[in-house]
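Novice: Sharing a sequence plus its predicted fold:
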Amino acid sequence: MDLHHPILKEFPEYRDTIRYLKGSDEHFRKMYDEYHRLDDAVYRIEEEIDYATDQELEELKMRRAKLKDHIYHMLRQARLVWPAPSTSPGNTPSTPNAS
């Protein structure tokens, strides 16, 4: 049983959006990195490489779940505006003119 839960495995349909946000959004990148640090800590405890109380493990899992939820919401929001075919870095996506 695989105990790791990397974001790319959790949300494979957002692979391009994740790559984009990691390269362009410092806040997203920090959350992404923190999520993976927590995921690794949970894994190490569950595999008995490191030790923690049940309460400490549950707190780590809760923090990881909250970060995952926040990351998911950021991915959904980013996907609404990116990727747009006519968008270049630094520009906002264009919208069709309503006539």
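Specialist: Great, that's in hand. Numbers count the residues shown, from 1 in each chain.
Novice: Any regions of this structure where pLDDT drops low?
Specialist: 1-2, 83-99 (pLDDT under 70).
Novice: Show me the helices in it, by range?
Specialist: Under the criterion DSSP state H, the chain carries helices at the ranges 7-10, 15-24, 26-46, 54-81.
Novice: Check which helices and strands the first one is in contact with.
Specialist: When contacts are defined as 3 or more C-beta pairs under 8 Å, 6 or more residues apart in numbering; DSSP states H and E, helix 7-10 sits against helix 15-24, helix 26-46, helix 54-81. Any C-beta I mention is one placed from the backbone N, CA and C, and that applies to glycine too.
Novice: Mean neighbour count added to the helices of the chain, as TSV?
Specialist: Below are these laid out as TSV (neighbours: other C-beta atoms under 10 Å):
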stretch	mean neighbour count
helix 7-10	14
helix 15-24	15
helix 26-46	16
helix 54-81	14
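Novice: need the helices and strands packed on helix 7-10 in a markdown table with distance to residue 8, can you?
Specialist: A markdown table is the format used below for the helices and strands packed on helix 7-10 (distance: least, C-beta to C-beta, whole Å):
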| stretch | distance to residue 8 |
| --- | --- |
| helix 15-24 | 6 |
| helix 26-46 | 10 |
| helix 54-81 | 11 |
